[in-house]
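**Student:** give the three-dimensional model of this entry:
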Amino acid sequence: MKVTREVILDLLPLYLAGEASPATRELVEEYLAQDPELARQVQSSRDPLGRAMPAAPAPDLEVQMLSRTRRLIALQRWLFGLAIGFTAIGLALRVTFHDGRISSVNLVVLEHQAEVGVFLVIGAALWVVYFTLKRRLRT
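**Tutor:** As a prediction, the model looks like this:
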């Protein structure tokens with residue numbers, strides 16, 4: 001089986017990052033010995049399209065990203081709980097009984113619009129922030 005230049009170009013990022021297996025490193029090095037132009041590009045730390053190769057990430061970058069993700073997930077949980085709480089208060093019901101039976105059921109917000117409406121507005125804002133953060137964490 002003949003190894004084509006396209007295969008080597010696919011393997012180069014792994015090779016340059018030091019992530020390739022010994023067999024892959026050997027294959028790439030053999031090909032580079034046969035293709036001096038590509039070997040010069042690799043030596044100058046540029047990819048085959050002439051762009052500079054990205055610098056290696058900081059050693060603690062993974063730990064920082066994990067910590068940030070955990071904080072965002074904790075924030076998402078708090079937002080979810082607060083959004084449910086404020087929405088539940090805003091949609092509270094008043095149930096009145098007469099002679100052991102329910103005589104009426106009313107939304108409290110209809111009677112106290114200013115006071116309870118604030119809870120609904122805060123709840124809606126919390127839901128918007130929650131779903132925005134959820135979408136951000138998904139991508």
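**Student:** what residues of the helix or strand where E6 lies count as buried?
**Tutor:** Taking DSSP states H and E as the definition, E6 sits inside helix 5-17. Using 16 or more other C-beta atoms under 10 Å as the test for burial, helix 5-17 gives 8, 11-12, 15-16. From N, CA and C alone the C-beta is placed, and that goes for glycine too.
**Student:** can you give me the offset of that helix from its chain's centre?
**Tutor:** Taking C-alpha atoms, centre = their mean, to the nearest Å, one finds helix 5-17 lying 28 Å from the centre of the chain it belongs to.
**Student:** what's downstream of that helix, the next helix or strand?
**Tutor:** Next along the chain after helix 5-17, taking DSSP H and E as the criterion, comes helix 22-34.
**Student:** still on that earlier bit, out of the buried residues of helix 5-17, which one has the weakest pLDDT?
**Tutor:** Within the set of these, pLDDT is lowest for L16 (80).
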